[in-house]
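Undergrad: pasting a predicted model and its sequence here:
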Amino acid sequence: MNTCPKIFQNKKVLIVDDEESIRRTLQSIFEDSGFQVFLAKDGDDAIKQVDNVNPDLVFLDIWMPGKDGLEVMEILKKSHKDLPIIMISGHATIATAVKATQEGAFDFIEKPLDLDLILNTVTKALNSKEGSVDNDVKLENRSINNIAFKNMTMKGKKIPQRTLKASAVLYGLGLHSGTKTGIILEPLPANSGIHFEGITEETVIPAYVDYVCSTGFATTLKLGDKQVATIEHIMSALSAYRITNLLIKCNGEVPVMDGSSNDFCELFEKTGIVEQEGDWYEIKINETIKIEDGKKSLTIEPADTPSLKYVLDYPEPLGRQEVEFPINDSSIYKKEIATARTFGFVKDINMLQDNGLAQGGKFNNFVLYGNQGPINSELHFKDEAARHKVLDAMGDLYLLGRPICGKITAIMTGHGDNFKMIKLLKEKLDKEI
């Protein structure tokens, strides 16, 4: 029998599922945990029981005959807007999970149901309903590794930690996987760091250099058998807005949106950002650090103000492009960098797709160059390609968990070069201990 936390005692839960076996399984779990349990086999029955029983929590199946779970939730939220509803399903897509969260579900759990995950989610939901901050619960129930806060060597200026004011969701398409995907962003307390996890499971991958497993055409993190790809655009926006603590839930790949980081910036600003207590420092560069590989080079020099210069030198139609921006001002970032889109070349598309990449490349989520120039879109900037390289570099370099205070100069570099630099910087940080 499960231990019964005080928060569960005498609470009422309504279980709504058209499968009797699921209803009985959940009934047993909740009764063992001290709940009063009520059962409903369809949406109409659930709506009546909520009015009569006034439950503290609803477990609601998405796919049912008659009214489906999303329809039922919409009706319930009109008259019981603060009622926590946890959606469950055995065959929902990522789109369904994100839509459920967008429309008011507290969380989404995939069948087959896991006991620990159920009880963890219920604890969070009840804490949330009673006005308790549930971020501590998130930490207790996940193996959060706040690795970025454990090594504060090479201290520069102390700056506030930040997280989002509330949870937020965004839905889109994976650039390389080509699958429908989305993200759910959840605030975390100070000294947590930035982490990725799946929509319906709790393997947490820190957004940190130690977990980078691939830098081919995108940056991918991996822990055990779980991985998340194409993280550089959202990491770039997090860097610009100096967000330090956040849980990013997605399945396998961050959505590409329009190929830039602008939608992430819009989401942060719409949701709101709050400052948090806790030590957090820029990485102060005290000596010039440089890596070279043929015509490519990446240099970081001491400077009082962080900046990033990128030099791109391709054959026409791109030609030579050179841009430089301060990288500690979110307003400049949003105006000058965030809308710069990822780009590719017609001659490379078949090769990429033959290797399982660019499966989600559409005419509206990247700039495609032919021999005469872009063939699918007007450029946002004449030097948009170089600006996007700045965007990518900011995201990759933020995988140290702290912003770099230095003058960064990148010439013809990519994700692999950025990774080499942060590995080198990590070694220097470790030597300072």
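TA: Alright, I've got the coordinates.
Undergrad: domain-wise, how is this structure divided?
TA: 6-132, 147-281, 282-431 (automatic domain parsing).
Undergrad: element containing the residue nearest the centre of the chain, please.
TA: Geometric centre of the chain, nearest residue: residue 248, 2.9 Å, by C-alpha atoms, centre = their mean. Using DSSP states H and E, residue 248 sits within strand 246-249.
Undergrad: just residue 196 next, same as before
TA: strand 194-197.
Undergrad: who does that strand pair up with?
TA: strand 205-206 (antiparallel), strand 246-249 (parallel) (DSSP bridges).
Undergrad: before we move on, the earlier item: send me the strand holding residue 248 as PDB with only the CA atoms.
TA: Extracted C-alpha coordinates of strand 246-249, given in PDB (Å, rounded to 0.1, in the frame of the first residue of the first chain):
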ATOM      1  CA  LEU A 246      13.800  26.700 -17.000                       C
ATOM      2  CA  LEU A 247      12.400  23.200 -17.800                       C
ATOM      3  CA  ILE A 248      11.800  22.700 -21.500                       C
ATOM      4  CA  LYS A 249       9.600  19.700 -22.300                       C
END
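Undergrad: sorry, back to before: show me what the residue nearest to the centre of the chain bridges to in the sheet.
TA: residue 185, residue 196.
Undergrad: now residue 36
TA: Bridge pairing for residue 36 - DSSP bridges - gives residue 12.
Undergrad: all helices for the stretch 251-400 of the chain, in order.
TA: Remark: helices assigned in the stretch 251-400 of the chain by DSSP state H, counting those that start in this stretch are 262-271, 330-336, 346-354, 384-397.
Undergrad: confidence-wise, which of those helices is weakest overall?
TA: Mean pLDDT per stretch puts helix 346-354 lowest among the helices of the stretch 251-400 of the chain, at a mean of 59.
Undergrad: go ahead and measure how far stretch 17-25 is from the middle of the chain.
TA: On the basis of C-alpha atoms, centre = their mean, to the nearest Å, stretch 17-25 is displaced by 33 Å from the centre of the chain it belongs to.
Undergrad: hmm, who's touching that stretch?
TA: For stretch 17-25, contacts defined as C-beta atoms under 8 Å, 6 or more residues apart in numbering pick out 15, 26, 39, 41-42, 59, 61, 64-65, 88, 111, 113. C-betas here are computed from N, CA, C, even on glycine.
Undergrad: if we use 7 Å, what do you get?
TA: 15, 39, 41-42, 61, 64-65 (C-beta atoms under 7 Å, 6 or more residues apart in numbering).
Undergrad: do I have it right that residue 300 meets residue 406?
TA: Yes - under the criterion of C-beta atoms under 7 Å, residue 300 makes contact with residue 406 at 4.4 Å.
Undergrad: what residues are shared contacts of those two?
TA: When contacts are counted by C-beta under 7 Å, 6+ apart, residue 300 and residue 406 have residue 285 as shared neighbours.
Undergrad: spatially nearest residue to residue 218, not counting backbone neighbours?
TA: Spatial nearest neighbour of residue 218, excluding adjacent residues (C-beta to C-beta, 6 or more residues apart in numbering): residue 230 at 4.3 Å.
Undergrad: just for the stretch 51-200 of the chain, where's the confidence low?
TA: Regions of the stretch 51-200 of the chain meeting the criterion pLDDT under 70 cover residues 91-96, 98, 128-143, 173-181, 200.
Undergrad: change it to 50
TA: Scanning the stretch 51-200 of the chain for pLDDT under 50 picks out 132-141, 174, 176-178.
Undergrad: the helices in it, which residues?
TA: 69-79, 94-102, 115-129, 135-140.
Undergrad: now the third one: buried residues?
TA: Pointing back at helix 115-129 there. 117-129 (16 or more other C-beta atoms under 10 Å).
Undergrad: now render those residues as a markdown table, adding distance to residue 286.
TA: Output for the buried residues of helix 115-129, formatted as a markdown table (distance: C-beta to C-beta, whole Å):
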| residue | distance to residue 286 |
| --- | --- |
| 117 | 46 |
| 118 | 51 |
| 119 | 49 |
| 120 | 44 |
| 121 | 46 |
| 122 | 50 |
| 123 | 46 |
| 124 | 43 |
| 125 | 48 |
| 126 | 50 |
| 127 | 45 |
| 128 | 45 |
| 129 | 50 |
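Undergrad: can you tell me how far the residue in the chain sticking out farthest from the centre is from residue 282?
TA: Distance from the centre of the chain peaks at residue 52, with 39.1 Å (C-alpha atoms, centre = their mean). The spacing between residue 52 and residue 282, counted by C-beta to C-beta, to the nearest Å, is 58 Å.
Undergrad: then residue 78?
TA: According to C-beta to C-beta, residue 78 and residue 282 sit 48 Å apart.
Undergrad: between these two, which is the more surrounded one?
TA: residue 282 (19 against 8; other C-beta atoms under 10 Å).
Undergrad: strands of the stretch 301-433 of the chain, start to end?
TA: Secondary structure of the stretch 301-433 of the chain by DSSP state E, counting those that start in this stretch: the strands cover 307-313, 320-326, 343-345, 367-370, 373-374, 404-405, 407-411.
Undergrad: winner for burial among the ones you listed?
TA: Comparing the strands of the stretch 301-433 of the chain by mean neighbour count (mean count of other C-beta atoms under 10 Å), strand 404-405 ranks first with a mean of 25.
Undergrad: and that one, what does it pack onto?
TA: Strand 404-405 is packed against strand 281-284, with contacts defined by 3 or more C-beta pairs under 7 Å, 6 or more residues apart in numbering; DSSP states H and E.
Undergrad: pull up the pairing partners for the strand it packs on, direction included.
TA: Counting by DSSP bridges, strand 281-284 is paired with strand 155-158 (antiparallel), strand 404-405 (parallel).
Undergrad: could you dump it to CSV, C-alpha only?
TA: C-alpha atoms of strand 281-284 as CSV (Å, rounded to 0.1, in the frame of the first residue of the first chain):
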residue,chain,number,x,y,z
TYR,A,281,28.2,35.5,-12.7
GLU,A,282,29.4,36.2,-16.2
ILE,A,283,32.4,34.2,-17.3
LYS,A,284,35.2,36.8,-17.4
